[in-house]
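1. Coordinates for the following, if possible.
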Amino acid sequence: MQSLLFDIVIIFALSVVAAIVCHRLRVPTSIGLLLTGVLAGPEVLGLVRNVHQIELLSEIGVVLLLFVIGLEFSLADISQLKNQFLVGGSVQFFGTALVVGAATMATGFTASQSAYIGFVVALSSTAIVLRLLQDRAQTNTPHGRTVVATLIYQDIAVVPVMLTAPLLAGNGLGPGASSAGLLAARILGIAVFAFVAYRWVVPWVLERITRTRSSEAFLLGVITLCIGIAVLTQSAGLSLALGAFLAGLIISESAYSHQAVSVMLPFRDVFISLFFVSVGMLLDLGYLLEDPLRIAVLTLGVIVVKPLIGTLSTLATGLPLRSSVLAGLALGQVGEFSLVATKAGVSAGLFGADVFQTVLDVAVLSMMLAPVLVAFAPTCADLVCATPLARIGRREEESTHGVNSGYSGHVVIVGFGVTGRNLAMTARASDVPYAVLELNAATVREAKAAGEPIHFGDASQEPLLRHVNAEKARAIVVVIDDPAGARRIVETSRRIAPDAYILVRSRYLREVEALMSLGADEVIADEMEVSIEVFSRVLARMLVPREDIKRLIGEVRGEWRRMARGLSKESTSVPDLKVDIPDLVTHTLRLTERSPLVGVSIAESRMRGDHGVTVLAVTREREVIGNPHSGLVLAAGDVLFVIGPTEFDPSVLT
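-> This next block holds a predicted model:
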């Protein structure tokens, strides 16, 4: 008997090769891992013998994936997803079940069998979809959050679906359905336990563990909590994945969530690779080759019907068409829990083993196509939005927008999260006109009730940008957590507003090149700003003089700007002189009563000789004086626009 360790070595070795090949071909690694499972499985090369044990290990990967997802959420996030959960989840699940059930009944199955198969096909792959969203940093995007809510809905729905199997098979209430009351009591008990654990138990346990300053104790404690809560929910009749998500959600509210994520990521990546390989090994090539055309047609039907219904369900939550298409394509496969539910149907005598094999082959093939659908989703969404169907997604936008407000010389803020709110608050305090674009309908309603000039809709669509007169805007600021969406917004904004200053906030430095090549004037990467904040605070603690810290910050920023210029020469904007002139930036300073410049002319101030700065313009009582003459006498309250070295400190003149 071949040892399990030998099988694991073979799987990991083949996975490394698959990852390298996928990287060279620029295709998702998950496709390579699924194909690795097909090749290494018993149906092809037969390299892996302990298939069942590998499947058990792969369940740990699903548990850890859902646990990390839960860590990245919070109870506040979940409460904001109630509309996506109740409306989107219900429409997607029952809509898919209705369409698939009707199609199945037309092929000769009974009503009971058709209904059950419809519910089975309605389930999507939680592990694959969430991994794909994570790889693309789309978990927190509007469509990503809707997908997460729908997947949670499906994971909960697995239990009642399996309970209906004996009833639909004509076995009366059966042992599974007759225990529905006991199951409800167990679920209530789990909910009470989760609340107690969230409020008191988990914070107390983690605090005691961290006091030891032992990384081993912390790792073991987090794993115990993760798997322990997952097993507890499974014992109550719910899925392991749902329990793992609940465990992550509980720990996410503690002060130790970030450390928990960092220690769990390596284990998640290892075991989730086993999951993809194990799914590939499930494919029964013999059964597939007996009637390949039928399996191909069924698979094609799944990846057409499920995205369509998923798109409609997302539209029902209030998201625009483009985001709805992205969400629908992400849900366009049959999931791993479909296999569990189908086995329950076979055990109850609802249908034979041939149905299970059909569902298995269709599920595996559709899961293999899932990365392709997600990768193709942006292109498909753009094509759909270019058709008359785009009007569907603009109905709520039109009702929310009302009449064009005649914006001009204003700031367009795309995204109303923390950064967008702070920018709006400071713009309002500084009497700077602005308009906000946001995709979250609930956020739009709340902000509009508070008096914000906010509009609902997808800012990548040109009609919406024109509605807020983006072509007349002085600046367009994009602060959303969707890298692909930000690129589309920058491209559209630059096309219709060639003179606007476009600033984008991104998470990673690797996104800067693409954004600047599309027309962004400046990109603020969280990685860069966090690194500057970290080293400046450390140096301050080490008693390094403040002037030296400012100089070092200027050098770091200057180096990054030089790198950015090298990445994209085409994105240079004439008003942004610091892009063209090395080490020079534009500064703005307001003169106070104590300023040494008050009462003297520009020539007498010796700003150029003493500080190396040149005055470009002066704003006085809302009047802009461009290219002021040297004899202009400066007064308190004047706002000076000057160009000078990066390290220049405006406070010395204000």
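2. wait, L282 sits on V364?
-> Yes: in this structure, L282 is within contact of V364 by Cβ atoms under 8 Å, at 5.6 Å. (Glycine included, C-beta is placed from N, CA and C.)
3. what about those two, which has more around it?
-> Taking other Cβ atoms under 10 Å, L282 and V364 do not tie; V364 has more neighbours (25 against 19).
4. Report the secondary structure state of E452.
-> Secondary structure state of E452, per DSSP: H, G, I helix; E, B strand; the rest coil, is coil.
5. And E647, by the same measure?
-> E647 falls in the coil class when you classify it by three-state DSSP.
6. In this structure it contacts R551, no?
-> Yes: with contacts counted by Cβ under 8 Å, E647 reaches R551, the gap being 5.4 Å.
7. If you count surrounding residues, which of the two has more?
-> Each of E647 and R551 has its neighbours counted (other Cβ under 10 Å); E647 has more, 17 against 13.
8. Contact partners for the closest residue to that one other than its chain neighbours?
-> Of all residues not flanking E647 in the chain, G554 sits nearest, at 4.1 Å (Cβ to Cβ, 6 or more residues apart in numbering). Residues in contact with G554 (Cβ atoms under 8 Å, 6 or more residues apart in numbering) are P645, T646, E647.
9. Can you show me the strands along this protein?
-> Counting by DSSP state E, the chain has strands at residues 411-414, 434-438, 454-456, 475-478, 501-506, 522-525, 584-590, 614-620, 623-626, 639-645.
10. Quick check: which ranges of the stretch 251-400 of the chain have low pLDDT?
-> For the stretch 251-400 of the chain, residues meeting the criterion pLDDT under 70 lie at 389-400.
11. The stretch 551-654 of the chain now?
-> For the stretch 551-654 of the chain, the stretches flagged by pLDDT under 70 are 559-584, 622.
12. how far away is A540 from F416?
-> Distance of A540 to F416, computed by Cβ to Cβ, to the nearest Å: 33 Å.
13. meant to ask about I496, not that
-> Using Cβ to Cβ, we find I496 at a distance of 21 Å from F416.
14. So for those two, which sits in the more crowded spot?
-> With neighbours defined as other Cβ under 10 Å, I496 and F416 compare such that F416 has more, 23 against 14.
15. how about the spatially closest residue to V63 that is not a sequence neighbour, what does it touch?
-> Residue nearest to V63 in three dimensions, not counting chain neighbours: A244, with 4.2 Å by Cβ to Cβ, 6+ apart. A244 makes contacts with V62, V63, L64, L65, L66, F67, G70, C226, I227, I229, A230, as judged by Cβ under 8 Å, 6+ apart.
16. rerun at 6 Å
-> By Cβ atoms under 6 Å, 6 or more residues apart in numbering, the contact list for A244 reads V63, L66, F67, A230.
17. Of the residues you listed, just say which sits nearest to L437.
-> Ranked by distance to L437 (Cβ to Cβ), the contacts of A244 are led by L66 at 32.7 Å.
18. ok, so what distance separates D7 from V38?
-> For D7, the distance to V38 equals 15 Å [Cβ to Cβ].
19. now do R620
-> Distance, R620 to V38, using Cβ to Cβ: 73 Å.
20. Of all the residues in the longest helix along the chain, which ones are buried?
-> The single longest helix within the chain, with elements called by DSSP state H, is helix 353-385. By neighbour count on 16 or more other Cβ atoms under 10 Å, the buried set for helix 353-385 is 355-371, 373-375, 377-378, 380-381, 384-385.
21. Tell me which other helices or strands that helix touches.
-> Other helices and strands packing on helix 353-385, by 3 or more Cβ pairs under 6 Å, 6 or more residues apart in numbering; DSSP states H and E, are helix 29-40, helix 126-135, helix 257-282, helix 292-316, helix 321-330, helix 336-347.
22. that older thread, least confident pick among the contacts of A244?
-> The lowest pLDDT within the contacts of A244 belongs to L66, with 77.
23. Provide a list of residues in contact with it.
-> Here L66 is in contact with A241, A244, F245 (Cβ under 6 Å, 6+ apart).
24. now swap in Q134 and tell me
-> For Q134, the contact set (Cβ under 6 Å, 6+ apart) is empty.
25. Please tell me how far it sits from V158.
-> From Q134 across to V158, the span is 22 Å (Cβ to Cβ).
26. swap in G485?
-> Distance, G485 to V158, using Cβ to Cβ: 32 Å.
27. ditto for A230
-> A230 is 14 Å from V158, by Cβ to Cβ.
28. Tell me which of the two has more neighbours.
-> Neighbours per residue (other Cβ under 10 Å) separate A230 from V158, with A230 holding more: 28 against 23.
29. Next up, the contacts around the more buried one.
-> Listed by Cβ under 6 Å, 6+ apart, the contact set of A230 reads V63, L240, G243, A244.
30. can you tell me which of these are in helices?
-> Among the contacts of A230, DSSP H puts V63, L240, G243, A244 in helices.
31. looking at these, which has the most residues close by?
-> When neighbours are taken as other Cβ under 10 Å, the top entry among the ones in helices among the contacts of A230 is V63 (30 neighbours).
32. Does it touch L240 like I think?
-> Yes: counting by Cβ atoms under 6 Å, V63 does reach L240; the two are 5.5 Å apart.
33. Tell me how many other residues surround Y508.
-> By other Cβ under 10 Å, neighbour count at Y508 equals 12.
34. State the distance from it to A330.
-> To A330, Y508 is 22 Å away according to Cβ to Cβ.
35. Could you do A475 as well?
-> Counting by Cβ to Cβ, the gap from A475 to A330 is 33 Å.
36. Compare those two (neighbour count), which wins?
-> Set side by side, A475 and A330 show more neighbours around A330, with 32 against 19, by other Cβ under 10 Å.
37. Please give me every residue in contact with the more buried one.
-> With contacts defined as Cβ under 6 Å, 6+ apart, the neighbours of A330 are V129, V147, V374.
38. cool, and V534?
-> The contact partners of V534, taken as Cβ under 6 Å, 6+ apart, number zero.
39. What of M542?
-> Applying Cβ under 6 Å, 6+ apart, no residues contact M542.
40. And I54, by the same measure?
-> Counting by Cβ under 6 Å, 6+ apart, I54 makes contact with S278.
41. Now do it against L5, distance only.
-> Applying Cβ to Cβ, the value for I54 to L5 is 12 Å.
42. And for G301?
-> Distance, G301 to L5, using Cβ to Cβ: 41 Å.
43. More neighbours: which of these two?
-> G301 (16 against 9).
44. residue contacts, the more buried one?
-> By Cβ under 6 Å, 6+ apart, no residues touch G301.
45. Q113: which of the ones in helices among the contacts of A230 is nearest?
-> Proximity of those to Q113 (Cβ to Cβ) peaks at L240, which lies at 27.4 Å.
46. Now for the closest one: which residues touch it?
-> Shown in contact with L240 (Cβ under 6 Å, 6+ apart): V63, A230, Q234.
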